[in-house]
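> Give me coordinates for this.
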Amino acid sequence: MESQLKPLAQSLSKFGLTDYESMVYLTLIRNGPSGIKDIEAKSNVPRTKIYPVLKNLEKRKLVSIMPGKPIKAKGMAPDASLLSPIRSMEQDLKAMKKTIQDLRKLHETSSVSDQFEKKEYWVTRKLEDAVKSIAETINNSSEEILLFLSHEGLEIISQYCYELLNHAALDDIPVKIMINANKNDLATLRRFTDLITIKYVPFAPQVSTLFSDGKELLIFKRIFPLDNKSSSISVEHYVGGGVCEFIKNALTGIEWTSGKDFATLLPVIENSWMPEDAIIHPKENQASPLLYLYLMDLITTHFGQKRDAAFAELGKKTLESMMNGNTNYVQTTLENSLSVLSSQYLIYEGVQAKYSYDDPVNLITCELSGSLTPAYKTAADRGFPIPPSVWGFFFLGLLDVFGFDCKVIDSVYNSSNNYWLIQYRLTRRQSLPSDKSALAEPAILPKTP
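Next up is the predicted model:
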């Protein structure tokens, strides 16, 4: 057998295959349907052993013995047969972890626990002890890990606990991070698994907090001794009591609900598409979606079949008026401009919006979810082509800038999930609008980030 296949053969032993079974199976996978003679030559398995090996592999649905003479066999895809032991091991691991969690709870509630040894508050300023305290808290978490981080706190967590947090998330423990992220934080935040929920919050804490399972709190920050030649980490550790309850209510209440989905804001922060102050403190006076619903009803009543053309014209005027500000609403590509548009829904209305542009087929998919008011469902029920929002009209103006008309080809509103999907087919105009030159003025051109 070729030397590069030997590691694979050794790995197959973990699935219960013998050396001969591994070598025969890999030979068939590598070379396709083969007879006994070819298998012997390429696998180095003795001829007398090959047929019994094939029968064993056939039982495991890894090999199919083909009818006829001479005997031939072909290797099958490993999906079901080899995934079964993995699933079994995963179930065992989950059961073991649950046992540990149950034992912890039993120990914590045991009436024979020595209450004199239980410490509810202590401070650590030695680096090794501080790191150990943070790591142990993460390792001992079984229900939820909530982090409210400063930029400095993110550096500490990334340096000492990055793997631990990722493993916790992979073990089905909800991990949530809140941070007032800037460009310097992006590379670090991208390293975390997608299973970790990250939210952008419009304020930066002076210290960082780690909250575990609703009952254990760590407040930590970097400190510099008098010699100022090295740094350490100070950790305040609270267990139970009023402090933990207060922080729990704060972090899971106002702060978490005011946070915004980081994945949506990431391209905006990374490319400086909006001034930082606009993300933290939105200044535009956004009218209620209900007002836009009435406006759309009014346009429909007065314009009838020309409704969509009236919407498009209003969209163009909306975009032109908004382009006089400091925000780079229109980028050099339609795809980037749609990313900016998605962020506006989130920042100003709290709505999760995702605009996906499929360039080859000229298709845009708009997905709206989260804090959708009843006006959104009403607009969907009445067949309106855009959401009842200034950003719905902005979308039509955006298409005008890039020389597109659009037609709704699908619109589905799921009331149970509060989710609205709209798909648009784009058609490029043969010639630019007569007043397109107005958009070439410096004040209207996309601003360089």
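> Give me the pLDDT value at the nearest residue to Leu319 once chain neighbours are set aside.
Closest residue in space to Leu319, ignoring its immediate chain neighbours: Gly397 at 2.9 Å, by CB to CB, 6 or more residues apart in numbering. The C-beta positions use only the backbone N, C-alpha and C, and glycine is treated the same way. Listed pLDDT for Gly397 reads 93.
> Please give me every residue in contact with Gly397.
By CB atoms under 8 Å, 6 or more residues apart in numbering, the contact list for Gly397 reads Gly315, Lys316, Lys317, Thr318, Leu319, Glu320.
> Break this structure down into its domains, please.
Split into domains by automatic domain parsing, the chain comes to 3-79, 119-258, 280-440.
> Would you confirm that the residue nearest to Leu319 belongs to a strand?
No. Counting by DSSP: H, G, I helix; E, B strand; the rest coil, Gly397 is not found in a strand; it is helix.
> separation between it and Asp261?
24 Å (CB to CB, to the nearest Å).
> do Leu195 as well
15 Å.
> out of the two, which sits in the more crowded spot?
Asp261 (19 against 15; other CB atoms under 10 Å).
> nearest spatial neighbour of Ser232, skipping sequence neighbours?
Distance criterion CB to CB, 6+ apart; nearest residue to Ser232, sequence neighbours excluded, is Leu127 at 4.5 Å.
> Count the residues that sit near the one you found.
16.
> what's it sitting at in phi/psi?
Main-chain dihedrals, Leu127, degrees, to the nearest 10: phi -50, psi -50.
> Repeat that for the one 5 residues further on.
As for Lys132, its main-chain torsions (degrees, to the nearest 10) stand at phi -60, psi -40.
> any idea how far the residue in the chain sticking out farthest from the centre is from Tyr51?
If you look at how far each residue of the chain sits from its centre, by CA atoms, centre = their mean, the farthest one is Lys69, at 54.6 Å. When distances are taken as CB to CB, Lys69 and Tyr51 turn out to be 13 Å apart.
> And for Ser212?
Ser212 is 58 Å from Tyr51, by CB to CB.
> Same drill for these two, tell me which one is more crowded.
Neighbours of Ser212 and Tyr51, each counted by other CB under 10 Å, are more numerous for Ser212; the result is 24 against 14.
> So for the closest residue to the more buried one other than its chain neighbours, what's the pLDDT?
Spatially, and ignoring its direct neighbours in sequence, Ser212 is nearest to Ser141 (4.5 Å; CB to CB, 6+ apart). Ser141 is assigned 88 on the pLDDT scale.
> Ser141 and Gly214: what is the separation?
From Ser141 to Gly214 the distance is 10 Å (CB to CB).
> With Asn324 instead?
Using CB to CB, Asn324 is found at 48 Å from Gly214.
> quick one, which of these two is more surrounded?
The residue with more neighbours, out of Asn324 and Gly214, is Gly214; 15 against 8, by other CB under 10 Å.
> gap between the more buried one and Val239?
Per CB to CB, Gly214 is found 11 Å from Val239.
> just the helices in the stretch 151-300 of the chain please.
All helices of the stretch 151-300 of the chain, identified by DSSP state H, counting those that start in this stretch, fall at 151-170, 183-190, 241-251, 254-258, 262-271, 276-280, 289-303.
> Repeat that for the stretch 301-449 of the chain.
Going by DSSP H, counting those that start in this stretch, the stretch 301-449 of the chain shows helices at 307-322, 334-344, 374-381, 390-401.
> and the first one, average pLDDT?
Mean pLDDT, computed over helix 307-322, is 89.
> and the angle for that helix with helix 390-401?
Put simply, helix 307-322 runs at 90 degrees to helix 390-401, going by axes from the mean of the first three to the mean of the last three CA atoms, to 10 degrees.
> Contacts for helix 307-322 next, please.
Against helix 307-322 from outside (CB under 8 Å, 6+ apart): 296, 299-300, 303, 329-330, 385-386, 390, 392-401, 405, 438-439, 444.
> swap the cut-off to 6 Å and go again
Here helix 307-322 makes contact (CB atoms under 6 Å, 6 or more residues apart in numbering) with Ile299, Thr300, Phe303, Tyr329, Phe393, Phe394, Leu396, Gly397, Asp400.
> and it, which residues are buried?
Neighbour counts using 16 or more other CB atoms under 10 Å place 307-308, 310-316, 318-320, 322 of helix 307-322 among the buried residues.
> could you redo the residues you listed as CSV and give each row distance to Asn414?
Output for the buried residues of helix 307-322, formatted as CSV (distance: CB to CB, whole Å):
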residue, distance to Asn414
Arg307, 25
Asp308, 24
Ala310, 29
Phe311, 24
Ala312, 27
Glu313, 31
Leu314, 28
Gly315, 26
Lys316, 31
Thr318, 28
Leu319, 29
Glu320, 34
Met322, 30
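> Tell me the one of the residues you listed nearest Asn180?
Met322 (25.6 Å; CB to CB).
> buried ones in stretch 167-180?
Ala168, Ala169, Ile173, Val175, Lys176, Ile177, Met178, Ile179, Asn180.
> Nice, that's everything, thank you.
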